[in-house]
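Peer 1: Sequence and predicted model, in that order:
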Amino acid sequence: MGCSLSGLNALYDAATGGGDVWINERRFRVLRQIGEGGFAFVYLVKEHEASSGAARDRHPSHVSDDGTYAMKKVLIQSREQLDLVKEEIRVSSLFNHPNLLPLLDHAIIAVKSTQGDWSHEAYLLFPVHLDGTLFDNAAVMQSRKEFYSVLDILRIFQQISDGLKHMHSLDPPYAHNDVKPGNVLVTRRKGQAPLATLMDFGSSRPARNQIRSRSEALRLQEWAAEHCSAPFRAPELWDCPSHADIDERTDIWSLGCTLYAIMYGVSPFEYALGESGGSLQLAIMNAQLKWPVLPSAYPDALHKFVTWMLQPQPEMRPHINDVLLHVDKLVEKYSP
Ligand SMILES: Nc1ncnc2c1ncn2[C@@H]1O[C@H](COP(=O)(O)OP(=O)(O)OP(=O)(O)O)[C@@H](O)[C@H]1O
């Protein structure tokens, strides 16, 4: 999918009270807001029948059965933000995997304010997962004192890892760079493990980075500080050596933190710091892990799995294929 500003014709229809949005030739009714990010709003939308028929003829795989979608509206206030959205659109189009959220359509429009200044808005169309993210779910489950079964946790984790394997297997390999519960959509299914879909490719980029000077190391740290969520950020992105070969195993660290967070509702290093606080960076650099002492604690085999992924030296950390082999074995072990 290309992304030139000319020819892209999303039209936000203010006259209908924000009721309808066009993306290229497709027309959508906004039903309600379902989420909010840093510079974005996410809406549940339903496509008008006439436009969905035409879209079905052109891209059958881009049309949902009931006409509903998630539409993300990104407010763009600078050239840098515009470039980031264009990059997110470009990178999203590289992936095609059932556990990676596909970008179905997009448009970027120029908007003139009442003061006469120009800015941009991007409209991104995705399949909707109404159960929200693992992060949203953790809050609901904690309030109800509910927990995932060991097998559900493993199956969710297996799917995230499968999606990540697709990214790490590209040529060149891509790192997601922001694997965390807030970027995993889940759909509960009766009698089956929840469906897990990794989303948000706004920070994804080629994974391999040869660092050969102090200034390159500092540049990488600065980039990571902006793009990789701190509690899930690998040690080498906090304190990068002046000579280092960074690779996609930064994601394996985040994956280990994510497995911990699916079990206990909090990232491991935030839990280790507890209420007394302290330096998150130090806790991460020292891989200072603590396990909740709970009657509902998960088996030691899952704790060992997390510890294996949270090796502070990246060269000791497993690759995604090793992680998948291990999770497959655990799924077998805990299956009835
Ligand atoms: N496809 C979807 N289906 C259902 N809900 C979604 C979907 N996409 C996003 N959401 C909801 O909207 C919220 C914000 O979306 P998203 O994380 O993509 O925004 P963002 O601006 O990238 O956020 P952040 O600032 O955390 O990076 C999500 O946490 C989720 O609750």
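Peer 2: Received the coordinates, thanks.

Peer 1: Let me know the pLDDT of the residue nearest to Leu94 when sequence neighbours are not counted.
Peer 2: Excluding its sequence neighbours, the residue lying closest to Leu94 (C-beta to C-beta, 6 or more residues apart in numbering) is Leu170, at 6.6 Å. C-beta here means a position set from N, CA and C on the backbone, and glycine is covered the same way. Reported pLDDT at Leu170 in the predicted model: 97.

Peer 1: What is the neighbour count of Leu170?
Peer 2: When counting by other C-beta atoms under 10 Å, one arrives at 13 neighbours for Leu170.

Peer 1: where's it relative to Met71, distance?
Peer 2: With distances taken as C-beta to C-beta, to the nearest Å, Leu170 is found 27 Å from Met71.

Peer 1: And Asn183, by the same measure?
Peer 2: Noted for Asn183: a distance of 18 Å to Met71, by C-beta to C-beta.

Peer 1: Which positions within stretch 208-228 qualify as buried?
Peer 2: By neighbour count on 16 or more other C-beta atoms under 10 Å, the buried set for stretch 208-228 is 209, 211, 216-217, 220-221, 224, 227-228.

Peer 1: Which members of these are positioned in helices?
Peer 2: Counting by DSSP state H, these place 216-217, 220-221, 224, 227 in helices.

Peer 1: What about the residue lying closest to Ile211 once chain neighbours are set aside? Give its phi and psi, please.
Peer 2: Distances taken as C-beta to C-beta, 6+ apart put Ala244 closest to Ile211, at 4.5 Å, once the chain neighbours are dropped. When read as degrees, to the nearest 10, the backbone of Ala244 gives phi -160, psi 150.

Peer 1: show me the contacts for Ala70.
Peer 2: By C-beta atoms under 8 Å, 6 or more residues apart in numbering, the contact list for Ala70 reads 34-35, 42-45, 125-129.

Peer 1: among the residues you listed, which are in reach of the ligand?
Peer 2: Filtering those for proximity to the ligand by C-beta under 6 Å from any ligand atom leaves 34-35, 42, 126, 128-129.

Peer 1: Tell me the residues on the chain that lie near the ligand, please.
Peer 2: For the chain, the residues in contact with the ligand (C-beta under 6 Å from any ligand atom) are 34-38, 40, 42, 70, 72, 126, 128-129, 132-133, 136, 182, 185, 199-200, 202.

Peer 1: Can you select the buried ones from these in ChimeraX?
Peer 2: Per 16+ other C-beta under 10 Å, the buried members of the residues of the chain next to the ligand correspond to this ChimeraX selection:
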select :34,40,42,70,72,126,128,129,132,133,136,182,185,199,200,202
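
Peer 1: Take the residues of the chain next to the ligand and keep only those in strands.
Peer 2: 34-36, 40, 42, 70, 72, 126, 185 (DSSP state E).

Peer 1: Show me what residue of the stretch 151-300 of the chain gets nearest to the ligand.
Peer 2: Ranked by C-beta to the nearest ligand atom, the top residue of the stretch 151-300 of the chain for proximity to the ligand is Asp200, at 5.0 Å.

Peer 1: Would you agree that residue is in contact with Val179?
Peer 2: No - the criterion here is C-beta atoms under 8 Å, and Asp200 misses it with Val179 at 9.5 Å.

Peer 1: helices or strands up against the top helix by length along the chain?
Peer 2: Using DSSP H to define each element, the chain has its longest helix at helix 150-168. Applying 3 or more C-beta pairs under 8 Å, 6 or more residues apart in numbering; DSSP states H and E, one finds that helix 150-168 contacts strand 174-175, strand 184-189, strand 192-198, helix 249-264, helix 300-309, helix 320-334.

Peer 1: Thank you, goodbye.
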